[in-house]
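**Student:** no FASTA, just this:
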């Protein structure tokens, strides 16, 4: 069952998500579905602790998110009119968005695929006490804010209340299902609260680990190819029953966010929780059945076949599927499963999995920060690299090994598995660059990664993940974000920089 598999994947990813968001977790925005209109509330420390408890997460440091300060001053007038203006960080006015208004609202930022940038939706009131019936999308730079300039005699009736910021972008979580051996990628979408005072839950976009271009040229199949799906565990959290809620992504371009920046799937998810079948609308179903699904080739390659001389050979069974509309496209894919299952029975089968090594060594955690701001957010990219080491080196030697190291991030995922140090993973601009990062760690750990274990290569086709940037060791706060400790239960120690 896909939902059961998605539930196991979400349970595995939740603690990693909380750990990555830890420095800016408290007061981060949570989408509320218990209000008549979907809104945003701030995640409290108690709610964050309860979420970590529900998923049995280990200890992690929880910092406070910076409020969204993109709107300042007065929001609604009790008399008179004003003009909404844009200012840069030093207070210099840049332009006007709307003149002669009596109030305005501003949404959370959302990404516009058409324009390739982040926008906010502004809605305007032009009569005291009247409706907010005029709308405009406008993109603010990271160092800009808006403020209403009041005309002479105008009186402010309500000031702006800072919005809780939405969670920042974090790297996807790679998951291998223990029951099906399917490899999935979980992209964190945000937090949702189904009822007032209820458990806050993460929402994920779950898709195959291999991007489509790699799947088309071979890769694992056997039931592991899935449609990208928005998955929500449900109000009861892990183990709450029901299998959670899944919303398949529609074909083509995704729908735009709502008027307050809410994701397209929130209304559908709210509908599903309210009893609407699968949470989909009539228009959503029409878009599925009116679309043509591109053709593809399913391929199964043998691994144990030999020729008459006993030399290994590869036999290939391919099932081509042409461009088709629904439901013929789905039926053709189901029919392909029968042929591929038969091929799997005909091929000689591997009989056992390789034995997993026992994990040994002291934990090392290296935190990197980009030298430039992310094109999809307001802050620098952050990446955390972790492994175990048997070298016995102290913190000072580990810091000396890593402090001047840098690499170029990207959309290629390079991992190393099958050795005692765990499964370190890095997002890099190329396979060679990813191996260079992991080999640098292996030298500190005391071995050559080419001579033990094995390399695993995958990637992402989404432009929002795997952004290319120069990554250096994070020195925020005057210390190197490099830790070395004896085990997961001990507090980490860090090394100071020369000029804190």
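**Tutor:** Received, thanks. For clarity, every value in this text was computed on a predicted model and none was experimentally measured. Numbering: from 1, shown residues only.

**Student:** mind listing the helices for the protein?
**Tutor:** For the chain, the helices defined by DSSP state H occupy 2-21, 45-54, 212-215, 265-273, 282-290, 328-346, 395-402, 431-445.

**Student:** lowest-confidence stretch among the ones you listed?
**Tutor:** Across these, helix 212-215 has the smallest mean pLDDT, namely a mean of 43.

**Student:** what does stretch 33-42 contact?
**Tutor:** Residues outside stretch 33-42 that contact it (Cβ atoms under 8 Å, 6 or more residues apart in numbering): 27-32, 108, 163-164, 166, 192-196, 198, 258, 260, 262, 266-267, 269-270, 273. Placement of C-beta: from N, CA and C, glycine included.

**Student:** likewise for stretch 400-409?
**Tutor:** Contacts of stretch 400-409 (Cβ under 8 Å, 6+ apart): 366, 368, 370, 381, 383, 393, 426-429, 433, 436-437, 440, 443-444, 466-473, 480, 482, 495.

**Student:** how much space separates residue 85 from residue 92?
**Tutor:** Per Cβ to Cβ, to the nearest Å, residue 85 is found 10 Å from residue 92.

**Student:** next one: residue 158
**Tutor:** 26 Å.

**Student:** the two: who's more crowded?
**Tutor:** residue 158 (11 against 8; other Cβ atoms under 10 Å).

**Student:** that one and residue 73 touch, don't they?
**Tutor:** No: between residue 158 and residue 73 there is no contact under Cβ atoms under 8 Å: 10.7 Å.

**Student:** ok, for residue 66, nearest residue in space, not its chain neighbours?
**Tutor:** residue 165 (6.5 Å; Cβ to Cβ, 6 or more residues apart in numbering).

**Student:** what's that neighbour in contact with, if anything?
**Tutor:** Taking Cβ under 8 Å, 6+ apart as the criterion, residue 165 is in contact with 24, 27, 28, 29, 65, 66, 67, 68.

**Student:** what is the burial count for the third one?
**Tutor:** Applying the criterion other Cβ under 10 Å, we find 22 residues in the vicinity of residue 28.

**Student:** quick one: residues contacting it.
**Tutor:** Contacts of residue 28 by Cβ under 8 Å, 6+ apart are 21, 42, 43, 65, 164, 165, 166, 167, 191.

**Student:** likewise for residue 161?
**Tutor:** Residues counted as contacts of residue 161 (Cβ under 8 Å, 6+ apart) are residue 75.

**Student:** how much space between it and residue 200?
**Tutor:** Counting by Cβ to Cβ, the gap from residue 161 to residue 200 is 20 Å.

**Student:** cool, residue 27 as well?
**Tutor:** When residue 27 is compared with residue 200 (using Cβ to Cβ), they lie 12 Å apart.

**Student:** can you check residue 454 too?
**Tutor:** Taking Cβ to Cβ, one finds residue 454 at 39 Å from residue 200.

**Student:** which residue lies closest in space to residue 325, excluding its sequence neighbours?
**Tutor:** The shortest distance from residue 325 to any non-neighbouring residue, by Cβ to Cβ, 6+ apart, is to residue 292 (5.2 Å).

**Student:** count of neighbours near the one you found?
**Tutor:** When neighbours are counted by other Cβ under 10 Å, residue 292 registers 13.

**Student:** with the one 4 residues further on instead?
**Tutor:** With neighbours defined by other Cβ under 10 Å, the count for residue 296 comes to 19.

**Student:** just to check, it is in contact with residue 319?
**Tutor:** No: counting by Cβ under 8 Å, residue 296 does not reach residue 319; the two are 9.4 Å apart.

**Student:** per-residue pLDDT of the nearest residue to residue 78 once chain neighbours are set aside, please?
**Tutor:** Closest residue to residue 78 apart from its sequence neighbours, by Cβ to Cβ, 6+ apart: residue 157 at 3.3 Å. As predicted, residue 157 sits at a pLDDT of 94.

**Student:** same question, residue 276
**Tutor:** Predicted confidence (pLDDT) for residue 276: 40.

**Student:** same question, residue 295
**Tutor:** 82.

**Student:** quick revisit: can I get the helices of the chain in TSV including distance to residue 227 and mean neighbour count?
**Tutor:** Compiled in TSV, the helices of the chain are given as follows (distance: least, Cβ to Cβ, whole Å; neighbours: other Cβ atoms under 10 Å):
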stretch	distance to residue 227	mean neighbour count
helix 2-21	9	20
helix 45-54	28	16
helix 212-215	12	14
helix 265-273	14	20
helix 282-290	10	12
helix 328-346	9	14
helix 395-402	41	17
helix 431-445	28	18
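
**Student:** so which of these comes closest to residue 79?
**Tutor:** helix 265-273 (36.3 Å; Cβ to Cβ).

**Student:** tell me which helix or strand in the chain has the weakest average pLDDT.
**Tutor:** Lowest mean confidence among the helices and strands of the chain (mean pLDDT, DSSP states H and E): helix 212-215, at a mean of 43.

**Student:** now the helices of the chain in a markdown table, with distance to residue 415?
**Tutor:** Conversion of these to a markdown table gives the following (distance: least, Cβ to Cβ, whole Å):
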| stretch | distance to residue 415 |
| --- | --- |
| helix 2-21 | 15 |
| helix 45-54 | 26 |
| helix 212-215 | 15 |
| helix 265-273 | 30 |
| helix 282-290 | 35 |
| helix 328-346 | 26 |
| helix 395-402 | 19 |
| helix 431-445 | 8 |
